[in-house]
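Visitor: Fold the following, please.
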Amino acid sequence: MGARQTSRNERRLIEFPIEIKFLGGTREVGRIGIAVKTDKTQLLLDYGVMMGDGPGFPMHIAPNDVDGLILTHCHLDHSGALPIFYIQDKKPLYATRLTLELVQLLIKDFIHLSGYYLPFEYLELRSMMQNSLPTNYREKRTIGDITFQFLDAGHIPGSCQVLLEAEGKRILFTSDFNTSKTRLLSSADTEFGELDAVIIETTYADTDHTDRMELEKKFVALVNEIVEKGGAVLIPAFSIGRSQEIACILAAYHFEYPIVIDGMARAANRIMMDNTEFMGDPRLFLDAVHGASWIDGWRDRRIAARKSSAIISPAGMLKGGPAAFYISQLGKKPQNAVLLVSYQIPGTPGHELLEKGMCVIDGKLRKVEARVEHFDFSSHCGANQLREVVKNLEGDPKVFSVHGAEGNCERFARWVKREVGLQAVSPKAGDTFTI
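Guide: I've put the predicted structure just below:
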């Protein structure tokens, strides 16, 4: 025992500290980027954008100083700025196979819609994809002196947490994660082992979500009620994750009426159909997407708007996409309904609809006559789930709370220090810490 302890102490003497620099996603939700650096190697965990009037980027980091990039999932707040690293360089990009296919879809659309504001084009996206390395869950990879592996995050299909090991230390980045099982996905993997540092999202640090089964039953009952009376239900939903989950919920409850899927959700469906191993219940997923009608052009769209059915369509916050057309058609009639199933960012049309019952119809801001309801089908951990994860951490890790707005990062760090007794901090952009 004494000899083993001595050799461990000797190893500790030659270990170098690991530097963690927060480039974005601190005390805010969006443009997350985190650099992890040893004496020999620097990795970048995610590099996203903040969506607004024009995309906001994380702090700059010289591409020459980065040895490799890791992408936890395809959402643009985690991925949207990655092509910057492929303007001149060819860095390896690690992600799950499904994430890589989905991120190509999202960034291609991002360039199409926002190319004027971006420092990269389709050429850089193509170079990024050519330098990507699909990585499985629990598959160990090494760059320089850093070894890492992906753990299922339960957030959206293909999403992962990252567990890094270097200099005898172990660091976890949860990214966006969900420890609750859904109709679409298994719950997040929480078998971490002993840790020296944890970077944890705190999107819902002070909010708990409604019980999933209770929420599903209320949702399906309302959809049935509207459609049975001859109305149509518009369900604005994110293209990746939420659209497929809603289809799975309706299939699981044997919804008997027509289901329509529109927008980018159709392309996402096709990609996911080739990657069903990432789904919690592959058979339910395939039944759900095969059982729905997929819109093919404006003629189909106009016909769907006149029928009694459930219409699943992006954008989830009504900011463009076919959903904007559907609400202009369905919103005028009280027998219809608009069921919002995603978080609505203040300032978006979806948030205005929830708060004021108003939306742009036929080019004018009007009162929506259709019934409007919100269902909290979140793909993030709620407050109690976040707390349980921290309480069950092994070792004596330092906790960094990120990816939270309106004081959530600071609030969660205070709770960790007070209730769990671990060191905790809510970093600001540009802050660097050593482990």
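Visitor: Do a quick rundown of the helices in this protein.
Guide: Taking DSSP state H as the test, the helices found in the chain are 2-14, 76-79, 97-114, 122-130, 212-228, 242-252, 265-273, 282-291, 298-306, 322-330, 349-356, 383-391, 408-415.
Visitor: Check the ones you listed for me: which has the lowest mean pLDDT.
Guide: Mean pLDDT across the helices of the chain is lowest at helix 2-14; the value there is a mean of 47.
Visitor: so what's residue 93 bridging to?
Guide: Note on residue 93: beta-bridge partners by DSSP bridges are residue 69, residue 132.
Visitor: count of neighbours near it?
Guide: Using other CB atoms under 10 Å, residue 93 has 26 other residues around it. For glycine as for every other residue, the C-beta is placed from the backbone atoms N, C-alpha and C.
Visitor: and what of residue 433?
Guide: Residues near residue 433, counting by other CB under 10 Å, number 15.
Visitor: I'd like the helices of the chain written out as a markdown table, with mean neighbour count and distance to residue 193 added.
Guide: Listed next are these as a markdown table, based on neighbours: other CB atoms under 10 Å; distance: least, CB to CB, whole Å:
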| stretch | mean neighbour count | distance to residue 193 |
| --- | --- | --- |
| helix 2-14 | 9 | 17 |
| helix 76-79 | 24 | 24 |
| helix 97-114 | 20 | 24 |
| helix 122-130 | 16 | 32 |
| helix 212-228 | 16 | 28 |
| helix 242-252 | 25 | 30 |
| helix 265-273 | 20 | 31 |
| helix 282-291 | 17 | 29 |
| helix 298-306 | 14 | 50 |
| helix 322-330 | 22 | 43 |
| helix 349-356 | 18 | 40 |
| helix 383-391 | 17 | 14 |
| helix 408-415 | 22 | 22 |
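Visitor: who does residue 33 bridge with?
Guide: residue 24, residue 47.
Visitor: Model confidence at it, what's the number?
Guide: Predicted confidence (pLDDT) for residue 33: 98.
Visitor: quick one: contacts for residue 352?
Guide: Residues near residue 352 by CB atoms under 8 Å, 6 or more residues apart in numbering: 358, 359.
Visitor: one step back: between the helices of the chain, which gets nearest to residue 159?
Guide: helix 97-114 (7.0 Å; CB to CB).
Visitor: which other helices and strands contact that closest one?
Guide: Secondary-structure packing of helix 97-114 (3 or more CB pairs under 8 Å, 6 or more residues apart in numbering; DSSP states H and E): helix 76-79, helix 122-130, strand 132-134, helix 265-273.
Visitor: What helices and strands are in contact with the second one?
Guide: Here helix 122-130 is seen to pack against helix 97-114 when contacts are counted using 3+ CB pairs under 8 Å, 6+ apart.
Visitor: which residues are in contact with the helix it packs on?
Guide: 49, 54-55, 71-76, 79-80, 82-83, 93, 95, 118, 120-122, 125, 128-129, 132, 134, 136, 157-160, 240, 264, 267-268, 271-272, 274-275, 278.
Visitor: sorry, back to before: output the helices and strands packed on helix 97-114 in JSON lines, with distance to residue 199 appended to each entry.
Guide: Rendered in JSON lines, the data for the helices and strands packed on helix 97-114 read as follows (distance: least, CB to CB, whole Å):
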{"stretch": "helix 76-79", "distance to residue 199": "13"}
{"stretch": "helix 122-130", "distance to residue 199": "23"}
{"stretch": "strand 132-134", "distance to residue 199": "22"}
{"stretch": "helix 265-273", "distance to residue 199": "28"}
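Visitor: Kindly state which of these is positioned closest to residue 200.
Guide: Nearest to residue 200 among the helices and strands packed on helix 97-114 is helix 76-79; the distance by CB to CB comes to 14.7 Å.
Visitor: Run through the neighbouring helices and strands of the closest one.
Guide: strand 42-47, helix 97-114.
Visitor: same thing but at 7 Å, please
Guide: Other helices and strands packing on helix 76-79, by 3 or more CB pairs under 7 Å, 6 or more residues apart in numbering; DSSP states H and E, are helix 97-114.
Visitor: And the helix it packs on, how far out from the chain middle?
Guide: For helix 97-114, the separation from the chain centroid amounts to 14 Å (computed by CA atoms, centre = their mean, to the nearest Å).
Visitor: Stretch 380-392 now?
Guide: Counting by CA atoms, centre = their mean, stretch 380-392 comes out at 17 Å from the chain centroid.
Visitor: Stretch 62-81: which residues count as buried?
Guide: For stretch 62-81, a neighbour-count test (16 or more other CB atoms under 10 Å) marks 63, 66-81 as buried.
Visitor: likewise stretch 48-64?
Guide: Applying 16+ other CB under 10 Å to stretch 48-64 flags 48, 49, 50, 51, 55, 56, 57, 58, 61, 63 as buried.
Visitor: Between the two ends of stretch 235-247, what distance do you get?
Guide: 10 Å (CA to CA, to the nearest Å).
Visitor: Show me the contact partners of it.
Guide: 74, 102, 156-157, 182-184, 259, 261, 263-265, 268-269, 272, 285, 288-289, 292, 310-316, 318, 323, 339-342, 350, 377, 379 (CB atoms under 7 Å, 6 or more residues apart in numbering).
Visitor: ditto for stretch 68-77
Guide: 29-32, 43-46, 48-51, 78-79, 82, 85, 91-95, 99, 102-103, 106, 110, 143, 148, 153, 155-156, 158-160, 162, 175-176, 240.
Visitor: where does that stretch sit relative to the chain's centre, distance-wise?
Guide: With CA atoms, centre = their mean, you get 10 Å for stretch 68-77.
Visitor: With just CA atoms, put that stretch into PDB.
Guide: Provided in PDB are the C-alpha atoms of stretch 68-77 (Å, rounded to 0.1, in the frame of the first residue of the first chain):
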ATOM      1  CA  GLY A  68      -8.800  19.200 -32.200                       C
ATOM      2  CA  LEU A  69     -12.500  20.100 -31.900                       C
ATOM      3  CA  ILE A  70     -15.300  18.200 -30.100                       C
ATOM      4  CA  LEU A  71     -19.000  18.800 -30.900                       C
ATOM      5  CA  THR A  72     -21.500  17.600 -28.300                       C
ATOM      6  CA  HIS A  73     -24.600  18.000 -30.500                       C
ATOM      7  CA  CYS A  74     -25.800  19.800 -33.600                       C
ATOM      8  CA  HIS A  75     -27.800  22.700 -32.300                       C
ATOM      9  CA  LEU A  76     -26.400  26.000 -33.600                       C
ATOM     10  CA  ASP A  77     -25.700  27.500 -30.100                       C
END
